[in-house]
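> Using only what follows, build the 3D model:
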Amino acid sequence: MPIRIHSRIRTVSIDPTTPRFRIAPLHRFRLGELSDLVYFPSSRATKILPRSVVKALASCTQFLPLSTHADALSALIDRPFDLLEELRTSGCLISFESLVKSSINNPGKMIGYPRISCVAIPTGGRIREFERALRSYIISLSARNIPFLIADDSPTVSTQEITRSCAESLARSSGASISYAGRSQKEAYVKILAEGCAAPREIIDFALIPDPTCQVRTGANRNSVLVHTVGQLIMTVDDDTVCQIGTAASGRPNKSLTLGGELDLSELRFFSSRRKAMETVDRVSLDLLSEHEKLLGKPLNEIVGQDCFDSIKFRDPCAHLLGSLTRNQGVIPITYSGVVGDSGMHSSENIGGHPGLLTRQSLTRSEEAYQEATSGREVVRQVLSTSICHSGAPMTSSVGMDNRGLLPPFFPRYRKQDGVFEATLKRCMKNAYFGHLPFVLTHDPLSVRSNISNPWRTIRISDYLIQCIAAWPEPVAQDTLTERLKSLGKYLIEISSQPLNDFNETIRVLLLQKSARTVERLESLLTRFNRTPEFWARDLTRQIEELNDAMLQPAFVTPVDLMQEFSPAEIQIAAQGLVAQFGLLLHWWPDIIKSANDLSSRGISLGQIL
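Got it, this is the predicted structure:
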């Protein structure tokens, strides 16, 4: 069957037996006014080419036959087929077959991989949601007889007792194996852990014991999950999810594997109510854990070699991903599913800049639809095919984690701890990729949630950390995750060791750089779509104006999530201290996990079996 390749200009049908190529990753160096020196690392070939030719070749990023590339280039350069053939013979083009077929023709390698051995539910005082969630997962996963961990961050002793009692009751009635980790269990475990760990006690406490003065302590609860489940493949699900699995009725997933993409790969549709969102989803009978196990913890090249995909597709793959396939490197430590229900986003107000074409169609079909989407929170968010890329997901309501070795810690306090985790993972695990699965899980919080208005003015402490992590000068000779975590931790400590005014200036510059990139991206979208439709362009223009105005304000760098706990005079000092504490946590985290492994080998776990 012919393969149909879509572009903005035309659709091309291609015989799948025809060899397909794309330009290899390259480095360009300007030589005078008309020529470029071009170096191809994959083949170590070096060329001097006219700048116009290099610019034309840079568009050859899809895997197509040489004749198709030549037709597209014929209006730009002379004798394009001869040039492409010369580049092919010198290794300056990458063959689709060389990347994919060697894996496809090597079956049977997936046998023997470990399976998910624990489902963790972090919770914190939402008794009704927690009971509903635990019951739904026990019923849906009963065939696997999977153990559960309840990581409880309830704010009071009485709420912890109710949560534990609820879990005990469900354990008795269902026969499920359930472990419970409340504050007393965490404190008892930390005391034992600290006796044999090189990390300072205050850092262990910061990592694992929720600070009662902080209103959001989700990160510490997630760290307790990582400590309890060392050496395992796990899945964590939020206590306001329900194990109801489906696919978007108008966008059914296909049996293909998409590789590449630096931005959010999911497509979104928006609804005025949760009921309407759920009505558009077709319920499907899937083994939730088995779906995650198709990717979780697997080498990239062996996933490509599975025979469960009808086709392999590349979506703007970066040089790193192409190199990982070429060198048989790459692994998937994290897998995500989609969501139907509450979006879980900080705000929907800035959704107009989402990169998905189907999302844009949903947003811009009418002004009423656009207003509904940017003011509401009810969505269906799903990738349309199994996808592997460098980008994570907006939330960790349902995520698989390969905790057999070492994963980074979560930032223990405040919101967007999952964003800090993702940023740390991307920088510190050199060959790690995120896996995205083409189905949705129900996210159904019982409380009413609202969007943050004007998100451009709401800098959070997580934004401090994410921008500092992005600015970290990557060490050349440090390859292991332990080495890189310690190096990143040292960098955060150095930043926060500056005098307060200098620290604030460092953060301001980083946040201004990030905001300027956002403005540039929004401006490029306006240009790309010719500022149409008018209501969409008007809103993006408003966002640009608000962000520009926010950047000019002296209070631009004030983290809003610290305002409720600290006085104006204390906020920046507290922010500086939190950056330092997270740096110390990154430095000592490998030692904490090593000690947790040692305790696990002696049968000592953080959670207690009910």
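
> going forward, measure contacts between C-alpha atoms and count neighbours the same way
OK.

> ranges for the helices of the stretch 101-250 of the chain?
With DSSP state H, counting those that start in this stretch as the definition, the stretch 101-250 of the chain shows helices at residue ranges 127-140, 157-174, 183-195, 201-208, 218-228.

> Which among those is found nearest to residue 482?
Distances from residue 482 to each of those were compared using Cα to Cα; the shortest belongs to helix 218-228, at 15.7 Å.

> follow-up on the earlier one: and among the helices of the stretch 101-250 of the chain, the most buried is which?
Neighbour counts averaged per stretch over the helices of the stretch 101-250 of the chain are highest for helix 218-228, at a mean of 26; criterion: mean count of other Cα atoms under 10 Å.

> Mind giving me the packing neighbours of that one?
With contacts defined as 3 or more Cα pairs under 8 Å, 6 or more residues apart in numbering; DSSP states H and E, helix 218-228 has these neighbours: strand 116-123, strand 148-152, helix 201-208, helix 417-428, helix 571-601.

> Give me the mean pLDDT for it.
Here helix 218-228 scores 96 as its mean pLDDT.

> do stretch 193-203 as well
Predicted confidence along stretch 193-203 averages 96 (mean pLDDT).

> Flag the shaky bits of the protein, pLDDT-wise.
Low-confidence segments of the chain (pLDDT under 70): 1-16, 101-112, 249-254, 307-310, 394, 451-454, 456.

> The residue most central in space within it in helix, strand or coil?
With distances taken as Cα atoms, centre = their mean, the residue of the chain nearest its centroid is residue 392 (1.3 Å). Under DSSP: H, G, I helix; E, B strand; the rest coil, residue 392 falls in the coil class.

> show me what contacts it?
Shown here is residue 392, whose contacts under the criterion Cα atoms under 8 Å, 6 or more residues apart in numbering are 264, 336, 422, 434.

> Scan the residues you listed and report the most crowded one.
Of the contacts of residue 392, residue 336 is surrounded by the most neighbours, 28 neighbours in total, counting by other Cα atoms under 10 Å.

> re the thing from before, kindly compare burial across the helices and strands packed on helix 218-228 and name the winner.
Of all the helices and strands packed on helix 218-228, strand 148-152 carries the top mean neighbour count, a mean of 26, counting by mean count of other Cα under 10 Å.

> how close does residue 577 sit to residue 465?
12 Å (Cα to Cα, to the nearest Å).

> what kind of secondary structure is residue 94 in?
Following three-state DSSP, the label given to residue 94 is strand.

> still on that earlier bit, want to throw the helices and strands packed on helix 218-228 into JSON lines with distance to residue 322?
Supplementary listing: those in JSON lines, determined by distance: least, Cα to Cα, whole Å:
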{"stretch": "strand 116-123", "distance to residue 322": "29"}
{"stretch": "strand 148-152", "distance to residue 322": "38"}
{"stretch": "helix 201-208", "distance to residue 322": "36"}
{"stretch": "helix 417-428", "distance to residue 322": "16"}
{"stretch": "helix 571-601", "distance to residue 322": "30"}
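
> Of all these, which one is nearest residue 59?
The closest approach between residue 59 and any of those, judged by Cα to Cα, belongs to helix 417-428 at 26.8 Å.

> next one: that closest one to chain centre, how far?
Between the centre of helix 417-428 and the centre of its chain there are 8 Å (Cα atoms, centre = their mean, to the nearest Å).

> sorry, back to before: and the helices and strands packed on helix 218-228: which comes nearest residue 283?
Using Cα to Cα as the criterion, the shortest distance between residue 283 and the helices and strands packed on helix 218-228 is 21.7 Å, found for strand 116-123.

> Can you spell out which helices and strands pack onto the closest one?
For strand 116-123, the packing partners by 3+ Cα pairs under 8 Å, 6+ apart come out as strand 148-152, helix 218-228, strand 232-237.

> Any chance of those in CSV with distance to residue 318 as columns?
Listed next are those as CSV, based on distance: least, Cα to Cα, whole Å:
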stretch, distance to residue 318
strand 148-152, 38
helix 218-228, 30
strand 232-237, 28
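
> quick one: which of those is nearest residue 550?
Distances from residue 550 to each of the helices and strands packed on strand 116-123 were compared using Cα to Cα; the shortest belongs to helix 218-228, at 28.5 Å.

> What are the contacting residues of that closest one?
Helix 218-228 is touched from outside by 120, 122, 149, 151-153, 186, 206-210, 403, 409-415, 417-418, 593, 596, 605-607, with contacts defined as Cα under 8 Å, 6+ apart.

> surely residue 325 meets residue 96?
No - at 10.7 Å, residue 325 and residue 96 do not qualify as touching, with contact defined as Cα atoms under 8 Å.
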